[in-house]
Every structure is written in C-alpha cells, then in structure tokens.
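Trainee: predicted structure and sequence below. I'll ask about it afterward.
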Amino acid sequence: MRILGIDPGYERLGVAVLEKNKGDKREKVIFSECFKTSAKLDFSERLLLLGEEVRKVIKKFKPEVLSIETLFLTSNQKTVMRVAEARGVVIYEAVQVELKIFEATPLQIKVATTGYGRADKNQIMKMVQMLVEVEKNKTSDDELDAIAIALTAFAYMKNN
C-alpha cells in the first residue's frame, strides 16, 4: 500500500509517499520533499502551485490514501484560514482521483510515532528517523512531519 502524507501549509508543504507491501517489516519512504511557494506571489497563485505539485506527486507515485494533518487552533486566525484553504486544495486533488482520505490529529500523530500523546517536536522527529530510513540531508520539519503523518495512517488503518 502507498500513502501520501501531507503536512499542510501554503508557504511550505511537507510531502511524503510511503509504501509497505505484504511481508515488509516496516514502511519505506519512496519520496519526500518540502515544497515551497514564494511570499511574493498572490495567495491564489500559491494555492494553484500547491495543487499542481500534489497532482504531480499523485500521478507519479499513485498512492491509495491521502493522510493529512487536521488543523489545531492557534491565535493567528489569518494563518489558520490560509492553511485551511491549502488543506482544501490538497483534499480536492486527492478526491479527484478517488484516494481514501485519512485525517490525522496532532495527538494521533504523537501517539502513532512515539507512543506518547504529549511528545514534543524533537521526540517525533527522532522517532521518525528510527521508524523509517530517512536520507541524512532530509532535515526539514515539514518533510519529516509529512512522513510522520503517513506513518500515522499506516498505524491506524492497520488497527481498523
């Protein structure tokens, strides 16, 4: 099975495709990146670029599931709204090709990767690097978060 993990954002979009086949002991990262858009562009252009990038990744790697992080509330309403719009673009692209959608809460991601619901960012990042083989040059939080989000879908889908 292939899962596309997305850490949503409009400035930086964490993207990862993980695969696990029958007989595999653990998941394998087959692609990951942190896709960036320029603040110099209109917001609508940034959304267009995000959609195009997600569409390319889906077309190339043919995942069966989109795993995307849900939003948590923050005091910056403008940022929350814009990230919500970016999530909408990603979900739209996935629904267009009939991917199953798995939405992971921050708590689910922490529990699935570390076994501890109050884990901090550093603990999650360390565990991601222990759970799957990640290239040494992959240090973007957004990219590693996308891998954690995909791992969460594997964990929860296995148990359901």
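Mentor: Good, I have the coordinates.

Trainee: so where is the protein shaky, pLDDT-wise?
Mentor: 73-75, 159-160 (pLDDT under 70).

Trainee: let's see it at 90
Mentor: For the chain, the stretches flagged by pLDDT under 90 are 22, 71-80, 134-140, 157-160.

Trainee: strands of that one, start to end?
Mentor: For the chain, strands defined by DSSP state E occupy the ranges 2-7, 12-19, 28-36, 65-69, 100-104.

Trainee: among those strands, which is the most enclosed?
Mentor: Mean neighbour count (mean count of other Cβ atoms under 10 Å) peaks for strand 2-7 among the strands of the chain, with a mean of 26. Any C-beta I mention is one placed from the backbone N, CA and C, and that applies to glycine too.

Trainee: for that strand, the distance to its chain's centre please.
Mentor: Averaging C-alpha positions (Cα atoms, centre = their mean, to the nearest Å) puts strand 2-7 5 Å from its chain's average.

Trainee: if you count contacts, what does it end up packed against?
Mentor: Secondary-structure packing of strand 2-7 (3 or more Cβ pairs under 8 Å, 6 or more residues apart in numbering; DSSP states H and E): strand 12-19, helix 43-61, strand 65-69, helix 141-158.

Trainee: and the longest one, which residues are buried?
Mentor: Put plainly, it is helix 43-61. 46, 47, 49, 50, 51, 53, 54, 55, 57, 58, 61 (16 or more other Cβ atoms under 10 Å).

Trainee: what sits closest to the fifth one if chain neighbours are left out?
Mentor: Sequence neighbours aside, residue 89 is the residue nearest to residue 51 in space, at 4.6 Å (criterion: Cβ to Cβ, 6 or more residues apart in numbering).

Trainee: go on, the first one?
Mentor: Computed as Cβ to Cβ, 6+ apart, the closest residue to residue 46 that is not its neighbour in sequence is residue 37, at 4.1 Å.

Trainee: quick one: closest of the strands of the chain to residue 129.
Mentor: strand 28-36 (10.5 Å; Cβ to Cβ).

Trainee: the closest one packs against which elements?
Mentor: Packed next to strand 28-36, using 3+ Cβ pairs under 8 Å, 6+ apart, are strand 12-19, helix 43-61, helix 141-158.

Trainee: still on that earlier bit, distance of the residue nearest to residue 51 relative to residue 19?
Mentor: 24 Å (Cβ to Cβ, to the nearest Å).
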